[in-house]
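A.B. asks: just a sequence and a predicted model for now, questions to come.
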Amino acid sequence: MIAFWILALLMIASAVFTVTARRPVHSVVGLLVNFIALAATYLTLQAEFLAVMQIVVYSGAILILFVFVIALLSSGVRPFDVGPDRMPRILVPAVVFAVLTLAGITVTALHTPVTVLQTTPTNGTTGDAGAFGSVANFGVALFADNLLAFEVTAFILMVAVIGVVLIAGDEGPGGVVRRRPKRVIKREPILKARPPSPELVEGSG
Amino acid sequence: MNVAPENYVALSAVLFFIGVVGVIARRNPLIMLMSIELLFNAANLALVTYARAWVNNAGHIFAFLVITVAAAEAAIGLAIVAVTFRKEPFVDVDEVSALRG
Amino acid sequence: MLLYLVWLLPLVGGVGLWAFGPQLKSWAGPIGSALVGVSFIATLFLWRDATAARALDVPLGSWLPGWSFGLLLDRLSLIWTLIITGVGFLIHVYSIGYMDRDRAFARFFAYMNFFVFAMLTLVLSDNVIGLLVGWGLVGLASYFLIGFWFYKPTAVAAARKAFVMNVVGDIGIMFAIFLIVAKLGGIGYGLIFANVGSAFTPHELFLVCLGLFIGCAAKSAQIPLHSWLPDAMEGPTPVSALIHAATMVTAGVYLVARFAPLWSASPDAQELVGAIGALTAIAGAILGCAQWDIKRILAYSTMSQIGYMIMGVGIGAYDAGVFHFLTHAFFKAQLFLGAGIIIHALADEQDVRRMGGLRKQMPFAFAAMLVGVLAISGVPGLSGFFSKDAVVYGALQTGHPWLYAVAVVTAGITAYYMFRLLFVTFFGAYRGAVDPSDLGIRHPELAGTAASPGHHPEEEEPHPHAPGWLMSAPVAILIVPTIAIGWLDFGSNSAWKQFFAGFFPRAADAAGAAPISEAVSTLLVLLAVAIGFAVAYARYGAPAALRGAIARLRTETIRMPGVLVNAYYFDAAFEALLVRPARALGGWFDRTVDPHVIDAGVREAAISAQWLGHLFRSFQTGLVRAYALTLAFGVACIVAYYALAFGGGR
Amino acid sequence: MTSAVPIWLIVLVKALIVLFVVITTFAYSMLFERKIMGWMQLRPGPNRVGPWGMLQPAADAVKMIFKEDLTPDTADPLIYRLAPFISLICAMGTFAIIPFSANADGTLWSVGNVNAGILFIFALTSIGVYGISLAGWASGSKFPLLGSVRSTAQMISYELSMSMSVIGVLILAGSTALGDIVNAQYRLWFVVPQIVGFVIYLITAIAETNRAPFDLVEAETELVGGFHTEYSGLRFGLFFIAEYLNMITVSCLATLLFLGGWNGPFGLPSGGFVGLAWFVLKAGAFLFFYIWLRSTLPRFRYDRLMDFGWKVLLPVATLNLILTAVAVALWPHA
């Protein structure tokens, strides 16, 4: 109970920080905290494997990409950040819609209470092998019952990889080189095979 | 599950709300992308909550797939940002309007 | 597991040779042959499983309840599989020699292997859908192979004709399958045969059998869908031997034998099939007497012999019909391969009028052809004698005296035209140097007797030469079964009858005892054969006839009745009744419907799409956040709907 | 636990013991490295402070603590200060679940036992990257930034192969719990059937910890000090500790995953303190190997490094994984 409220407050605070931070890197840090808190929340919900995945994939791969791109783009040209909107015109409808959404979801959620099948932890606590949400449980669900979805997702990832290489690679569509190729350093052999000097040849003869 | 699922769903709604504001109000493409990640995670939280409430790990699977798709989305989004930025150093999405009809 | 191997090895060959043909070069032939050979050996290993009490049935997978697909190897399909792979293997080996100078060597073997795969699919399937798939694939393979020399317009036309006619048959089978599925909800043979009596009314059963028989008639060249078979001789000779003599054209026989329970339950259908078979037998035999192209003679004889088989299985003498298929596969392959040796040696000359006297130059080919002719004519002791006798007597046993009479007469005609072929080709003097017009040949290229451009004739000397061992060995091997295989069915309790004991329904026995005994019947047939031989000898083989051969051939060619030359005007009738109206209809559509209805529709659709695009262009501002706002609006709407619809409690 | 001692107290005591041991190990592994490198290069190594230089780590610590802590003007203060702590916390966190030995009844000698133990460690190491990359970015100068970009790319590239190589072990053991993995090696260490995986793990482990010959992140000749160029004093010390702790973690992990953990070779006794001795011996050998490599091999060129990671290691690791999976599927009980 206490854990939930601490985590909830932490998540909300970090999310607000993410959205309002001046610099993208601050946003990343906020989001990182948010994700870790979310992973902890997953643990309280007995989604053990998902919690680990949340950190490994989201924090360890996706979010680090943001850091990478920020570092890549901020190398020299000009500080890569835009502050909070100077023109809050769009902020008003945004907040209106968002509040409407929030209110709607909250009303719906609170007025249709969810039937909880089991209030106690299902077959063992988090951490037991084979329990609900554990690696084994998740693996069976993923590879036995939802194999097609899994394969489709793999396909989506592959398409994304190809797309990214095409978008950001050195070559544009059709194999056209976008950027000038790198300067090639011509190496000269350190030891050149020189012809033996005539004196030496004569001397030896 | 000591805390009622409604609380988790409400938390998810709040996070979603923050994410929506971020996407609409910010002009920095990276922060917009991060706000989208927030949206994904808000949805995931709801999924995991219902999965726990109904003891059905289809919700976990779905959340996992969402994470995967989010990875693809982030990769493509960042690639686009990198390319755009390489061409002309705009960091304001309002100034990037090559798609105007 | 082994059955998978039998089934898929030729497919591997077909795909592999097609894909890697240019790299394999001359290895394509041996590889393709070896795959079929291995398939044959594997089938031999399966003999015991197939002849066990429960036949070998390997499931492949299922789609809907009652819709499981699988491979079935029982006694019937075992016979077919052995012939397809065994004779197929020999013909593959033969082709290595026959096609040695062709440019598309690998493509040929790819097609051949593909054909073997398709044929195996047809016979091994344990359900009607698999059968139909095999049926269609076989037609496709046949289309490929007839049109193998696609630079010959005649070959292309023949391939198209064969394909179209086969598709007519496919439609018949599909119709039958629809009926079966509609009535039974399943596709497996076991299910169908178990419910023959209960699920169909006699009327429906007749319709099913009719649909199936339309397929048979198309594939097995039965009247009136026969006219593609002689034209199919445009393909390479090994193709004619394998597909249009030994295996594919007998698929109709297989179909009738496979669905024997259906036929036995529908006497009307049996009568129809038997009558059509007999009609085809005699009609084909008569046309065989009027042809000069060696392959066309053999093609009409094939048509006639399949008529026998269809008659046999149609009237209920299933094992006799299947036995005739077995012997025919050997002796007809033998005849075609022997003819192929001659054609190959004479640089693609196929007109028997321009042969003659080849006995001395090509003794091996003569021996091979002689054995084949003796076998097909039904000379006692050779294979054809036993099987033909069984079929003919079967007609009498099952109470069809008229069909019996036709069959006996046909046996005589068969002997006549086969010996005619033998005498004209091998006796007398060589006529290759004689001017064609002296022989009555007016337009060699129109008669289909011109040297085909498949090989490179300019490189070849048109002189009779001995075949290479790759071509002679298969023929030599085939001689053995051509002579001996008939003894399987010798006597009243023969090995063959035991093999199929209890396999086929024998309802036809109830028709009563035959009016004459089998010995008398055999004597009658032999008498007809002897008359046929005597006439042939008198006209073409006697010393006097041989001396005036050139003049005689000339008068015969000129005075040939038009009804025979044009094969009873079947093609002309099809042309007038079907092709011309179809062309006219197509032309009308081309001029009227296409530009004013279809094109106009497409054009209007494009214009409206353009207009819509202009309309929506204004929404495309390029502002990402505006898009996001729109999305948020949409989400808000959806949430609002749910909040209003479900928010007030459950 | 039947005793009246509350569980959180036991965990706390355990954690403190491990923390103490780990910090000491870190200090002496540094000395160990300097000594060994000295001998390898035919020089004595540190020998002034205490007998054989035994008190050198303490002297270093004193120096670090009292050095001035500088923050550059161009730096982003928040991130600049945060980064070292991220590194250190992640480096230390792994020790919470590494089992060092086991009792005869199977109780593990670890602070906590997590079912998805190996995944947990991966999660922590993947967060550890942030320490370096954020530090590089926040320093606000060029060399650290380059070091940071390099390290991020390198870590992402090599973490993939590392996971792949480890999954082979997971398939063989059929569990993600570290204790189960070690127990599965009772008869045969996984280094034998997974020799390819072990070699890949070895290479990627060195790359993950940014050690020579993969220390492009802090290549002195190119980038001065890499991501920590601007750091000094205790904050630099934290990075330093984190690096060595990571080395120790990776060594422990190699011991657990491939070298049989606390199992003795040839059925020699194990468990309890004997097992702990085996464990320390193996991890120490792995550490020695690390140092040996550093003093032997030259540094990679950066593009070669990336090529090697993506075009050699990843395919080989994938192939190894596929072969392992097929083998396990064919002979499930062998």
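C.D. replies: Yes, it's here. Residues are numbered from 1 along each chain as shown, chains lettered A, B, ... in the order given.
A.B. asks: when you work out contacts or count neighbours from here on, use the C-alpha atoms and nothing else.
C.D. replies: OK.
A.B. asks: so C:Met99 sits right up against C:Phe105, yeah?
C.D. replies: Yes - taking C-alpha atoms under 8 Å as the definition, C:Met99 is a contact partner of C:Phe105 at 6.5 Å.
A.B. asks: any idea how far the residue nearest the centre of chain C is from C:Ala217?
C.D. replies: By C-alpha atoms, centre = their mean, chain C has its centre lying nearest to C:Val249, at 2.3 Å. Distance from C:Val249 to C:Ala217, counting by C-alpha to C-alpha, to the nearest Å: 9 Å.
A.B. asks: repeat that for C:Lys388.
C.D. replies: Remark: distance between C:Lys388 and C:Ala217 (C-alpha to C-alpha) = 20 Å.
A.B. asks: for D:Asp307, same thing?
C.D. replies: Distance, D:Asp307 to C:Ala217, using C-alpha to C-alpha: 66 Å.
A.B. asks: who has more neighbours, the two?
C.D. replies: A direct count of neighbours by other C-alpha atoms under 10 Å in any protein chain shown for D:Asp307 and C:Ala217 places C:Ala217 higher, at 30 against 12.
A.B. asks: and that one, what does it touch?
C.D. replies: Applying C-alpha atoms under 8 Å, 6 or more residues apart in numbering or on different chains to C:Ala217 gives the contacts C:169, C:223-226, C:252.
A.B. asks: same deal with D:Leu160?
C.D. replies: D:Leu160 sits next to D:Leu314 when contact means C-alpha under 8 Å, 6+ apart.
A.B. asks: buried stuff in the host helix or strand of it?
C.D. replies: D:Leu160 belongs to helix D:142-173 when assigned by DSSP states H and E. Buried residues in helix D:142-173, counted by 16 or more other C-alpha atoms under 10 Å in any protein chain shown: D:142-152, D:154-173.
A.B. asks: just give the nearest non-adjacent residue to C:Cys289, would you?
C.D. replies: Distance criterion C-alpha to C-alpha, 6 or more residues apart in numbering or on different chains; nearest residue to C:Cys289, sequence neighbours excluded, is C:Tyr417 at 5.0 Å.
A.B. asks: check C:Leu207 too.
C.D. replies: Residue nearest to C:Leu207 in three dimensions, not counting chain neighbours: C:Ala176, with 7.2 Å by C-alpha to C-alpha, 6+ apart.
A.B. asks: could you do D:Ser175 as well?
C.D. replies: Ranked by C-alpha to C-alpha, 6+ apart and with sequence neighbours excluded, the top spatial neighbour of D:Ser175 is D:Ile181, at 6.5 Å.
A.B. asks: can you tell me how far the residue of the stretch 101-250 of chain D found nearest chain B is from chain A?
C.D. replies: Using C-alpha to the nearest C-alpha, D:Ile156 is the residue of the stretch 101-250 of chain D that sits closest to chain B, at 13.3 Å. Computed as C-alpha to the nearest C-alpha, to the nearest Å, the D:Ile156 to chain A distance reads 7 Å.
A.B. asks: who's in contact with that residue?
C.D. replies: A:Ala61.
A.B. asks: what ranges does chain B have for its helices?
C.D. replies: Listed in chain order, the helices of chain B (DSSP state H) span B:5-25, B:29-54, B:58-87.
A.B. asks: what sits against the residue nearest to C:Leu207?
C.D. replies: Neighbour list for C:Ala176: C:207-212 [criterion: C-alpha under 8 Å, 6+ apart].
A.B. asks: just the closest residue of the stretch 451-600 of chain C to chain A, please.
C.D. replies: C:Asp599 (33.4 Å).
A.B. asks: so that residue, which of the three states?
C.D. replies: Secondary structure state of C:Asp599, per DSSP: H, G, I helix; E, B strand; the rest coil, is helix.
A.B. asks: mind showing which ranges of the stretch 451-600 of chain C have poor pLDDT?
C.D. replies: C:451-467, C:506-514 (pLDDT under 70).
A.B. asks: same deal with chain B?
C.D. replies: B:1-2, B:87-101.
A.B. asks: let's go with 80 and repeat that
C.D. replies: B:1-6, B:24-28, B:54-57, B:83-101 (pLDDT under 80).
A.B. asks: how about the residues of chain D near chain A?
C.D. replies: Residues of chain D found near chain A (C-alpha under 8 Å from any C-alpha of the partner chain) are D:79, D:114-116, D:119-120, D:122-123, D:126-127, D:129-130, D:133-134, D:137, D:142, D:145, D:148-149, D:152-153, D:156, D:176.
A.B. asks: any idea how far D:Thr24 is from C:Leu73?
C.D. replies: 76 Å.
A.B. asks: spell out which residues of chain A are next to chain D.
C.D. replies: Counting by C-alpha under 8 Å from any C-alpha, chain A comes close to chain D at A:26, A:48-49, A:52-53, A:55-56, A:59-61, A:64, A:67-68, A:71-72, A:75, A:127-129, A:134-135.
A.B. asks: ok, how many other residues are close to the residue of chain C found nearest chain B?
C.D. replies: For chain C and chain B, the shortest gap (C-alpha to the nearest C-alpha) falls at C:Gly622, measuring 4.1 Å. A count of nearby residues for C:Gly622, using other C-alpha under 10 Å, gives 17.
A.B. asks: cool, thanks, signing off.
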